[in-house]
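# Sequence first, then the predicted structure:
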Amino acid sequence: MKILPSLQIFTLCLLISGAGLLFIPSLEPDAFEYPKAMFFILTTAILSILNLIHWGLNNKKISIKKIPIPIKLIGFIFIAELLAFIFSQDHSISLTGAPYRLQGFIAELTIIISLLNTTYVFANTRPKKHLIFFTWLIIITIISSVISLLPYIIEIPFFNIWDFYNRAFGIFGNPNYLAVFLISSIPFFGLILNNKSRLIKIFSLAGLIITLSSLFLTGCRSAWIALIVSLLITGLIIAIQKKRYKLLLLAITTIFITICVFTFQQFQNTPSLSRLSLTKNNLGSLTTRLYLQKSGLQLFKEHPLIGSGQDTIAGRIEPYLPEYLKSNDVFYIDRTHNEFLDILIMQGLLGFIAYITFWIYLFIETIKSSIHSNNLTATLSTIAIISIHIYYTGNFTTISSNILLYTLASYLIIANLQANKETFC
């Protein structure tokens, strides 16, 4: 069936559409991620069926010896997740996930199955079809950004920006959730460099301006830091490879001056600007995160090897929190604002080592393969992945960011194999 590869890529586009656009405002506030979780599971199931049909019709054979090392490392992540669930302090929460997050064992298992499926799709479709997926990602990003800006122009009760102190959040339900999705997809606007159509370049540039405006209005400092640092890291690697040191120095100087201008001014009358300046309130936010992470380290010591189970931070971190952070009728603490520390708490050292090993190995392999190939999409995927992980050092994961993160990982696995002229199915 020649239509199967198109259906597979179409399903991947559906997956990204759900990550970027699916939100039902009429649901209870603590369940706004529920539609995405259900859509993620359903889409992964459909993709699994399509891949099994493709595998059977084409008599595909998978060589155990040739299975990429990152895929084998995913097996260790699964084992760590399974152990965390089996020995969880709250099996009901650990299975489905806590309110607001819904990132329990079911979601983590779906992520692993999704990665295996997307890896198979990218391995068995042509690069032109890969480009369809990344082009669609850009379109979804622009649409999401436009929707997030609409409340600043017309009154939309469902997306009332005053709910988050005049911060944009659109159909993501939270400014930080929108921000991490945007920094994950912004690098792919770089694909316009290879497009010869002037009209498409103008459209993409306009879309990029809209997306950056939306990112700015989220007021998410973690996202801006992540995007800037990831671009600098990538620029450093490219500059060293191509010996463009003057251009890199100019970029670093420009960014440094921009940061200084925003940091040492008091933009009190503009919420999005004030969050980027050095004020007493912003320093208080940093202090709070440090308290959360200090408390998280204490909680980690309770179950250091295999963790306390998925999404089991809320309530259990209470004894270690300072008085002003104790849960009340207004809010409760269910994350430490550091995803790596969250992994340590929930999946223990085993889960943390498995996670870090997977991403470090994939990153090193990508750098090696980039020497032998000139794959712009792989470079942009690497920037996006670095952005997400830098963001995670000061914030937490979401269903949308996880979907995109592991989809990009599957693409890099195949891009690295192709750069080395290797296959596994």
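Looks like it came in fine.

# Which residues are in contact with the closest residue to I69 other than its chain neighbours?
Among residues not flanking I69 along the chain, Y361 sits closest, at 6.3 Å (Cβ to Cβ, 6 or more residues apart in numbering). To be clear about C-beta, it is placed using only N, CA and C from the backbone, and glycine gets the same treatment. Taking Cβ atoms under 8 Å, 6 or more residues apart in numbering as the criterion, Y361 is in contact with 69-70, 73.

# Nearest to L42 among these?
P70 (25.8 Å; Cβ to Cβ).

# Now that closest one: which helix or strand?
helix 69-86 (DSSP states H and E).

# what's that helix packed up against?
helix 91-96, helix 105-123, helix 339-372, helix 399-419 (3 or more Cβ pairs under 8 Å, 6 or more residues apart in numbering; DSSP states H and E).

# distance of F122 from F78?
Taking Cβ to Cβ, to the nearest Å as the measure, F122 falls 20 Å from F78.

# More neighbours: which of these two?
Of the pair F122 and F78, F122 is the one with more neighbours under other Cβ atoms under 10 Å, namely 24 against 16.

# quick revisit: neighbour-wise, which one of the contacts of Y361 leads?
P70 (21 neighbours).

# show me what contacts that one?
Taking Cβ under 8 Å, 6+ apart, one finds 358, 361-362, 365, 409, 413 in contact with P70.

# One more: L102?
L102 touches 33-34, 37, 96, 399, counting by Cβ under 8 Å, 6+ apart.

# SS state for it?
coil (DSSP: H, G, I helix; E, B strand; the rest coil).

# Number the residues from 799 up from this point.
With the count now opening at 799, the last piece we talked about shows up as L900.

# Could you report the distance from it to K834?
Taking Cβ to Cβ, one finds L900 at 8 Å from K834.

# again with A843
15 Å.

# The two: which is more packed in?
The neighbour comparison of A843 against K834 (other Cβ under 10 Å) goes to K834, with 26 against 14.

# right, and the more buried one touches F821 too?
Yes - taking contacts as Cβ atoms under 8 Å, K834 lies within contact range of F821: 7.5 Å.

# which residues of the stretch 899-1048 of the chain score low on pLDDT?
Applying pLDDT under 70 to the stretch 899-1048 of the chain flags the ranges 1036, 1038-1046, 1048.

# all helices for it, in order.
Secondary structure of the stretch 899-1048 of the chain, counting by DSSP state H, counting those that start in this stretch: helices at 903-921, 925-947, 973-983, 996-1016, 1019-1040, 1043-1061.

# want to throw those helices into a markdown table with distance to G1149?
Shown next, in a markdown table, are those (distance: least, Cβ to Cβ, whole Å):
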| stretch | distance to G1149 |
| --- | --- |
| helix 903-921 | 10 |
| helix 925-947 | 28 |
| helix 973-983 | 21 |
| helix 996-1016 | 29 |
| helix 1019-1040 | 22 |
| helix 1043-1061 | 34 |
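
# Of all the ones you listed, which one is nearest L1103?
Closest to L1103 of the helices of the stretch 899-1048 of the chain, according to Cβ to Cβ: helix 903-921, at 17.7 Å.

# got the CA positions of the closest one in PDB?
Extracted as PDB, the C-alpha positions of helix 903-921 are listed here (Å, rounded to 0.1, in the frame of the first residue of the first chain):
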ATOM      1  CA  PHE A 903       3.100   5.500  34.300                       C
ATOM      2  CA  ILE A 904       0.600   5.300  31.500                       C
ATOM      3  CA  ALA A 905       1.800   8.600  30.000                       C
ATOM      4  CA  GLU A 906       5.500   7.600  30.400                       C
ATOM      5  CA  LEU A 907       4.800   4.200  28.700                       C
ATOM      6  CA  THR A 908       2.900   6.000  25.900                       C
ATOM      7  CA  ILE A 909       6.000   8.200  25.400                       C
ATOM      8  CA  ILE A 910       8.300   5.200  25.000                       C
ATOM      9  CA  ILE A 911       5.900   3.500  22.600                       C
ATOM     10  CA  SER A 912       5.500   6.700  20.600                       C
ATOM     11  CA  LEU A 913       9.300   7.100  20.300                       C
ATOM     12  CA  LEU A 914       9.600   3.600  18.900                       C
ATOM     13  CA  ASN A 915       6.800   4.300  16.400                       C
ATOM     14  CA  THR A 916       8.100   7.600  15.200                       C
ATOM     15  CA  THR A 917      11.600   6.100  14.900                       C
ATOM     16  CA  TYR A 918      10.100   3.500  12.600                       C
ATOM     17  CA  VAL A 919       8.200   6.100  10.600                       C
ATOM     18  CA  PHE A 920      11.200   8.300  10.000                       C
ATOM     19  CA  ALA A 921      13.300   5.200   9.100                       C
END
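
# what's that helix packed up against?
Packed next to helix 903-921, using 3+ Cβ pairs under 8 Å, 6+ apart, are helix 802-819, helix 832-855, helix 867-884, helix 889-894, helix 1197-1217.

# So which bits of it are buried?
Going by neighbour count (16 or more other Cβ atoms under 10 Å), the buried part of helix 903-921 is 903-921.

# What's the per-residue pLDDT of L1076 here?
On the pLDDT scale, L1076 is placed at 52.

# quick one, what contacts the spatially most central residue of the chain?
For the chain, S1199 is the residue whose C-alpha lies nearest the centre (Cα atoms, centre = their mean; 2.8 Å). Applying Cβ under 8 Å, 6+ apart to S1199 gives the contacts 975, 978-979, 982, 1186, 1189.

# Show me what stretch 988-998 is in contact with.
For stretch 988-998, using Cβ under 8 Å, 6+ apart, the contacting residues are 929, 932-933, 936, 999, 1002-1003, 1174-1175, 1177-1178.

# what about that stretch, distance to the chain center?
Distance, stretch centre to chain centre, for stretch 988-998: 25 Å (Cα atoms, centre = their mean, to the nearest Å).

# cool, and stretch 1004-1011?
With Cα atoms, centre = their mean as the basis, the mean position of stretch 1004-1011 lies at 19 Å from the chain mean.

# cool, and stretch 937-957?
Counting by Cα atoms, centre = their mean, stretch 937-957 comes out at 21 Å from the chain centroid.

# Need the residues that contact it.
Identification of contacts with stretch 937-957 by Cβ under 8 Å, 6+ apart yields 814-815, 817-819, 823-824, 958-959, 966-970, 976, 979-980, 983-984, 986, 1005, 1008-1009, 1011-1013, 1015-1016.
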